[in-house]
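**Student:** Next one to model:
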Amino acid sequence: MLRALAGRALANLLCLSLAISVSGSAPLTERTVAQAPTTFVHPGVLLDQNQLEFIKDKVNSGEEQWTNAYQAMLQSPLAALNREPSPTATVECGPESTPDIGCTAETEDALAAYAMSLAWYISGSAQYAEKAISYMNAWAGTVKAHTDSNAPLQAGWAGATWPRAAEIIRYSNAGWPNEDITNFENMLRNVYLPEVIVGSNSNGNWELVMMEAAIGICIFLEDSSNYVKAMNTFLDRVPAYIYLTSDGEHPQTAPASSLTSSAAIIDYWYGQDTFPESGIAQETCRDFVHVGYGLASISHVAESSRIQGTDLYAGDIGQRLRFGLGFHSRYQLGASVPSWLCKGSLVDTGTKRLNSVTEVGYNALSTRLGHVMNSTGILTMDQRPAGENELFVGWETLTHGNNTA
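**Tutor:** Now for the predicted structure:
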């Protein structure tokens, strides 16, 4: 159903007009131009080794939050050891899953590989590593293209997940043969990256997940040039997706946008014509599911960037994420909708909700940085243990809930 809704590097990002420290993570306070890490950190897509060790220790010591989340993941159909990959040479994806030729299979197989990689790292059981490898090898040996109108989005969803699994397996002595790794690299380089790196002028959640995929792929491939390109696109898209009152009367637009008038911006923002509060998202008046996709990708990229040496949470990106999470969490929890917001009527936030997308951002911004995020915290606790969304978000209470590593 959700498919139908469609060592640490030196400073990685250089401020245009503000000099940054020559070492350590650089808080970003202005529009930035990306630089690739001088040395890529591995594993380094969404999770690093310290975080993985933290999770492993918590589960193996029987601590309730992590043990419950781990068992919930293992009980997912995607984590079944008798489940088999279903690769497709040409994945054909249209709007609202029409057609769905390999689309569901691809995102679910990628999530299954990620679940198996986590289970391998936590348990040390080779059967999980072998299963994760089987998914990655099956698709690397088969998929050649994505077609139809949703091809970029589909490549983004699956492409965001594959590198997470691959980073864990490759850098944990899981027994993935070098020849198979090369084949997987070629799949990411030749099938996924060309589809996502070009970006999108469609709804913001498209471009955000496409850049999430591109950045994760570039970390795995150690592709500095495309990392820079993807990160620059991301840094332009986030301010065009989440509004801050400091932006002025209307939201910012991405540099490649064709939105040249107030009327066009309002139409793109689904009729939202006034902006008295920070945190409104480009798709707020569409529904919260799509906003959740965007918030998830923002948090995922920020987390990978932090691992690679630059703390996006400390600057404009983090501020927009914090306000975006808080704004939508408040209404998801049942706050009265003011007349100025979406003409006083939000799309049903009971069924079309954020889902479990708050853990990564909440952990970074509240647990690590100490920001007060009451609504986001309540919603995060209410949704534990977080599951998977069938697309590109999976088991984030296990991976990031109260993860202080």
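
**Student:** neighbours around residue 96, how many?
**Tutor:** Using other C-beta atoms under 10 Å, residue 96 is surrounded by 11 other residues. All C-beta spots, glycine's among them, are computed from the backbone N, C-alpha and C.

**Student:** Model confidence score at it, please.
**Tutor:** pLDDT, residue 96: 86.

**Student:** Then residue 120?
**Tutor:** 98.

**Student:** In three-state terms, label it for me.
**Tutor:** Look at residue 120: counting by DSSP: H, G, I helix; E, B strand; the rest coil, its state is helix.

**Student:** what's residue 324 in contact with, if anything?
**Tutor:** 242, 279, 281, 291, 294, 295, 298 (C-beta atoms under 8 Å, 6 or more residues apart in numbering).

**Student:** Keep only those of those that are in helices.
**Tutor:** Counting by DSSP state H, those place 291, 294, 295, 298 in helices.

**Student:** Taking these together, which two end up most distant?
**Tutor:** The widest separation within those, taken as C-beta to C-beta, falls between 291 and 298 and amounts to 10.6 Å.

**Student:** Could you check how far the nearest residue to residue 240 once chain neighbours are set aside is from residue 198?
**Tutor:** Leaving aside its chain neighbours, residue 240 sits nearest to residue 254 (4.3 Å; criterion: C-beta to C-beta, 6 or more residues apart in numbering). With distances taken as C-beta to C-beta, to the nearest Å, residue 254 is found 13 Å from residue 198.

**Student:** With neighbour numbers in mind, choose between these two.
**Tutor:** Applying other C-beta under 10 Å to residue 254 and residue 198 shows that residue 254 carries more neighbours, namely 19 against 13.

**Student:** Let me see the backbone angles for the more buried one.
**Tutor:** Backbone geometry at residue 254, expressed as degrees, to the nearest 10, gives phi -70, psi 150.

**Student:** close enough to count as contact, it and residue 236?
**Tutor:** Yes: using C-beta atoms under 8 Å, residue 254 makes contact with residue 236 at a distance of 5.1 Å.

**Student:** ok, back up a step: closest to residue 156 out of the ones in helices among the contacts of residue 324?
**Tutor:** Among these, and counting by C-beta to C-beta, the member closest to residue 156 is residue 294, at 11.7 Å.

**Student:** quick one: the closest one from residue 399, how far?
**Tutor:** Using C-beta to C-beta, residue 294 is found at 20 Å from residue 399.

**Student:** do residue 371 as well
**Tutor:** Look at residue 371 and residue 399: by C-beta to C-beta, they are 20 Å apart.

**Student:** More neighbours: the two, which one.
**Tutor:** Of the pair residue 371 and residue 399, residue 399 is the one with more neighbours under other C-beta under 10 Å, namely 25 against 16.

**Student:** Tell me the secondary structure at the more buried one.
**Tutor:** Classification of residue 399 using three-state DSSP returns helix.

**Student:** For it, report the pLDDT, please.
**Tutor:** Predicted confidence (pLDDT) for residue 399: 98.
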